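Participant: 3D model of this:
(one chain, ligands or ions: 1)
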Amino acid sequence: MSDPRRRIPRTDALLALPPVTEARERLGDTAVREIIRNAQESARRGEISPDDVGRHVADAVRVHRVSSSRPVLNATGVVVHTNLGRAPLSAAALDAVVAASGYVDVELDLHTGQRSKRGAATRAALLRACPAADDALMVNNGAAALVLATTALAAGRAVVISRGEMIEIGAGFRLTELIASTGARLHEVGTTNRTHLRDYADAVAGDDVGAILKVHPSNFRVEGFTRETSLGELRDLGRAHGVPVIADIGSGLLQPDPLLPDEPDATSALSAGADLVIASGDKLLGGPQAGLLLGDAELIQRLAGHPLARAVRADKLALAAMEATVSGPRPPVHEYLHADTDRLRVRTENLGAATGFQIVEHDGRVGGGGAPGVPLHGWAVRLPVSAAQSLRLGDPAVLPRVHDDACLIDLRCIPEADDPLVLAAIKQAAFGA
Ligand SMILES: *Cc1c(COP(=O)(O)O)cnc(C)c1O
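Facilitator: Presented below is the predicted three-dimensional model:
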């Protein structure tokens, strides 16, 4: 009897199969050949029959994707979910990204044909959205903005920071270590719970200070016997000594949000006395990953002109998405934060009725280190905890909140148009249908 492995189809024959020729354009030659090689090897190892290799390859090219990123329906109720890529982009921002993805006038004036300033339209949009700022610069992310500011303003000198604001943001990322890595020296003042103006004043009088940095502690709060020094007090001190005051507000709100009264915003920080505000683009601002520097024109120009600015410069896709986020319709993060609770309840009840599962009260959260003490009141459908993995592995993937030995589906961060997908996913996960 002949060796069955001889019956394994040759690569040429497999490449000529109609589903494979069709897939080659979508997947590229390398991926298609790898799929073929894997199927042939499976047959050689006896895992599949040689007669099945063709069907195997056809199935594999049909489901294969060149990007392994899988969209996820966020049923956790956490609006800025770090593990899900923080802010989802608005439809307007997505259109802008697509438009910017080819050749684009990011650094060209089409009137004159001459080179123009990179990201000028995004800068203008940011200044319209935050008129309290005289100038704006967008870089790769919030951490990069902080590195650029401390390097350009305080390398070889001291950055004064309160011990109450020496935070770790997440995944072991410590602001203080980041600053120390730039060649600026940290000059810590005050205590964990109380820092007075005189602590800053002593530092400025006794050290070579490049900047005073005030950091919003984002993900924790110190309560009780506390004292922090206001931006207004620091501005006066800074002005008297020619030292700029930087406020790292983290979340990226450009204007105050009444729903989040303790969350700082760029406009208030600048009005209160910050010379420079640093913020993230993909937290509460609801845009792409970015770091925003807003404030004094002369300081921003110094940062923009520093060699490091080139190393942390914003991508053309992010510039386009940011412009659309701040000048277009309100992004999903804003909609989800301010979701109408009555509507949420109706949607949740409908989902409960259609699946037979119970509805419970459930508080969503801001997430991304923002407003840790603020619950976002709402509801959830309560499934057995065993449904969670099937939901995550479904198509589309649904990420529930696993809590108190239950699998909770909170619709706050899911567009209403996707409710039927959630219903189908629950039926599949809970009943296999
Ligand atoms: C999130 C955050 C950062 C870091 O911003 P990224 O955009 O994540 O780099 C810095 N400072 C504060 C206060 C933050 O909350």
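
Participant: neighbours of residue 84, how many?
Facilitator: 18 (other CB atoms under 10 Å). C-beta here means a position set from N, CA and C on the backbone, and glycine is covered the same way.

Participant: cool, and the one 4 residues further on?
Facilitator: Other residues within reach of residue 88, judged by other CB under 10 Å, total 22.

Participant: residues contacting the closest residue to it other than its chain neighbours?
Facilitator: Leaving aside its sequence neighbours, residue 88 sits nearest to residue 332 (CB to CB, 6 or more residues apart in numbering; 4.8 Å). Residues in contact with residue 332 (CB atoms under 8 Å, 6 or more residues apart in numbering) are 87-90, 286, 413, 415.

Participant: and residue 332, how far from residue 347?
Facilitator: According to CB to CB, to the nearest Å, residue 332 and residue 347 sit 16 Å apart.

Participant: next helix or strand past the worst-scoring helix or strand of the chain on mean pLDDT?
Facilitator: Here the helix or strand of the chain ranked lowest by mean pLDDT, DSSP states H and E is strand 168-170, holding a mean of 78. For strand 168-170, the succeeding helix or strand toward the C-terminus, using DSSP states H and E, is strand 173-174.

Participant: contacts for the next helix or strand after that following strand, please.
Facilitator: The helix or strand immediately downstream of strand 173-174 is helix 175-180, counting by DSSP H and E. By CB under 8 Å, 6+ apart, the residues outside helix 175-180 that reach it are 143, 146-147, 150, 159, 161, 166-169, 186, 213, 215, 248.

Participant: contacts only, for the spatially most central residue of the chain.
Facilitator: Nearest to the mean C-alpha position of the chain, counting by CA atoms, centre = their mean, stands residue 86 at 3.2 Å. Shown in contact with residue 86 (CB under 8 Å, 6+ apart): 80, 282-283, 289, 368.

Participant: look up the closest residue to it, ignoring the ones flanking it.
Facilitator: Closest to residue 86 by CB to CB, 6+ apart is residue 282, at 4.1 Å.

Participant: re the thing from before, what subset of the contacts of residue 332 is buried?
Facilitator: 87-90, 286, 413 (16 or more other CB atoms under 10 Å).

Participant: which of the contacts of residue 332 lies closest to the ligand?
Facilitator: residue 87 (10.6 Å; CB to the nearest ligand atom).

Participant: quick check: the closest one touching residue 287?
Facilitator: Yes: using CB atoms under 8 Å, residue 87 is in contact with residue 287, at 6.3 Å.

Participant: quickly list what's touching both of these two.
Facilitator: With CB under 8 Å, 6+ apart, residue 87 and residue 287 have common neighbours 281, 331.

Participant: what's the burial count for the nearest residue to residue 217 once chain neighbours are set aside?
Facilitator: Nearest residue to residue 217 in three dimensions, chain neighbours excluded: residue 167, at 5.3 Å (CB to CB, 6+ apart). A count of neighbours around residue 167, defined by other CB under 10 Å, yields 20.

Participant: which pLDDT value belongs to the residue in the stretch 1-150 of the chain positioned nearest to the ligand?
Facilitator: Here the residue of the stretch 1-150 of the chain nearest the ligand is residue 142; by CB to the nearest ligand atom that distance is 2.3 Å. With respect to pLDDT, residue 142 scores 96.

Participant: next one: residue 224
Facilitator: 83.

Participant: gap between it and residue 412?
Facilitator: Using CB to CB, we find residue 224 at a distance of 32 Å from residue 412.

Participant: of the two, who's got more company?
Facilitator: A side-by-side neighbour count of residue 224 and residue 412, using other CB under 10 Å, places residue 412 first with 27 against 5.

Participant: and for whichever residue of the stretch 301-433 of the chain sits closest to the ligand, the neighbour number?
Facilitator: Residue nearest to the ligand within the stretch 301-433 of the chain: residue 369 (4.8 Å; CB to the nearest ligand atom). Around residue 369 there are 20 other residues, counting by other CB under 10 Å.

Participant: now it: how far from residue 317?
Facilitator: Per CB to CB, residue 369 is found 24 Å from residue 317.

Participant: what's the neighbour count on the closest residue to residue 325 other than its chain neighbours?
Facilitator: Among residues not flanking residue 325 along the chain, residue 287 sits closest, at 3.6 Å (CB to CB, 6+ apart). Residue 287 has 27 neighbours, counted by other CB under 10 Å.

Participant: let's verify residue 287: helix, strand, or coil?
Facilitator: coil (DSSP: H, G, I helix; E, B strand; the rest coil).

Participant: how about CSV for the contacts of residue 86, with distance to residue 311 and neighbour count added?
Facilitator: Converted to CSV, the contacts of residue 86 look like this (distance: CB to CB, whole Å; neighbours: other CB atoms under 10 Å):
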residue, distance to residue 311, neighbour count
80, 26, 28
282, 20, 28
283, 23, 28
289, 16, 21
368, 25, 25
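
Participant: near the ligand, which residues of the stretch 101-250 of the chain show up?
Facilitator: Applying CB under 6 Å from any ligand atom, one finds that the stretch 101-250 of the chain approaches the ligand through 141-143, 169, 215-216, 218, 248, 250.
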